[in-house]
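Asker: Model the following, please.
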Amino acid sequence: MGMILGKISVETPKFELIKSTESYEIRKYFSQVIAEFTYDPSQFEGKKDAGFTVLANYIGALGNPQNTKPEKIAMTAPVITKSSEKIAMTTPVVTKEGKDDKMVTMQFILPDKYKKAEEAPRPVDERVVIREEGERKYGVVKFSGVATDEVVEGKVESLKKELERDGYKVLGDYVLARYNPPWTLPPFRTNEVMIPIE
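Answerer: Have a look, this model is predicted:
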């Protein structure tokens with residue numbers, strides 16, 4: 001019942017709260033090991049969340065772990081997604097462009113017991129990449145509900161304006177952090193838009 005009502009009972013990443021305002025927070029995240037999968041949603045019937053199954057298979061959330069140990073890895077939150085421009089390939093490779101020419105990267109943050117990428121079990125699926133993400137700072141806005149493209153875009157624009165107004169230098173594109181499974185009732189979901197800053 002707890003997950004339906006938004007209870008987050010899994011490990012979440014450690015961070016230092018640097019500043020808190022009425023509308024956003026500045027956080028410094030410590031180094032983490034992540035599993036990520038980058039894909040073209042058009043290869044998955046346009047589903048932007050298609051990477052979830054690939055990563056869930058790696059950690060063993062949907063059955064036997066698809067890693068070389070095989071070791072079941074605890075689920076953590078949030079699940080991170082970010083979009084990027086598709087980079088055109090040179091000939092002779094011929095590909096069909098996605099509807100919006102965007103690639104999606106989905107990331108699972110691995111449990112804190114993995115301090116280095118080489119400590120995590122190697123994925124069987126070569127599309128899954130294990131890497132370390134160093135210390136970084138983000139401007140963060142939290143919201144509930146369904147994280148539709150329209151809602152997220154509004155949060156991103158508003159947060160960017162506030163960060164720039166307050167003197168922060170934006171360093172790149174936003175990431176979307178979602179903390180709850182899809183069966184959590186929308187008003188109880190925890191989502192965050194995170195924008196990297198200097």
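Asker: Could you use CA atoms for every contact and neighbour count after this?
Answerer: OK.
Asker: Which of the three states applies to Ala147?
Answerer: coil (DSSP: H, G, I helix; E, B strand; the rest coil).
Asker: Measure how buried it is and give me the count.
Answerer: For Ala147, the count of nearby residues is 20 (other C-alpha atoms under 10 Å).
Asker: So what does the nearest residue to Pro196 once chain neighbours are set aside look like in phi/psi?
Answerer: For Pro196, ignoring the flanking residues on the chain, the nearest one in space by C-alpha to C-alpha, 6 or more residues apart in numbering is Tyr138 at 4.4 Å. Tyr138 adopts backbone torsions of phi -130, psi 150, taken as degrees, to the nearest 10.
Asker: Just the pLDDT at Tyr138, thanks.
Answerer: You'll see Tyr138 listed with a pLDDT of 98.
Asker: which ones are touching it?
Answerer: Neighbouring residues of Tyr138 by C-alpha atoms under 8 Å, 6 or more residues apart in numbering: Ile26, Arg27, Lys28, Tyr29, Met194, Ile195, Pro196, Ile197.
Asker: Is it possible to get JSON lines of those that adds pLDDT?
Answerer: Formatted as JSON lines, the contacts of Tyr138 follow (pLDDT from 0 to 100):
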{"residue": "Ile26", "pLDDT": "98"}
{"residue": "Arg27", "pLDDT": "98"}
{"residue": "Lys28", "pLDDT": "98"}
{"residue": "Tyr29", "pLDDT": "97"}
{"residue": "Met194", "pLDDT": "98"}
{"residue": "Ile195", "pLDDT": "98"}
{"residue": "Pro196", "pLDDT": "97"}
{"residue": "Ile197", "pLDDT": "98"}
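Asker: could those residues go into a markdown table alongside neighbour count, distance to Ala120 and secondary structure?
Answerer: Supplementary listing: the contacts of Tyr138 in a markdown table, determined by neighbours: other C-alpha atoms under 10 Å; distance: C-alpha to C-alpha, whole Å; DSSP: H, G, I helix; E, B strand; the rest coil:
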| residue | neighbour count | distance to Ala120 | secondary structure |
| --- | --- | --- | --- |
| Ile26 | 23 | 29 | strand |
| Arg27 | 21 | 26 | strand |
| Lys28 | 19 | 23 | strand |
| Tyr29 | 17 | 20 | strand |
| Met194 | 26 | 25 | strand |
| Ile195 | 22 | 27 | strand |
| Pro196 | 20 | 26 | strand |
| Ile197 | 20 | 28 | strand |
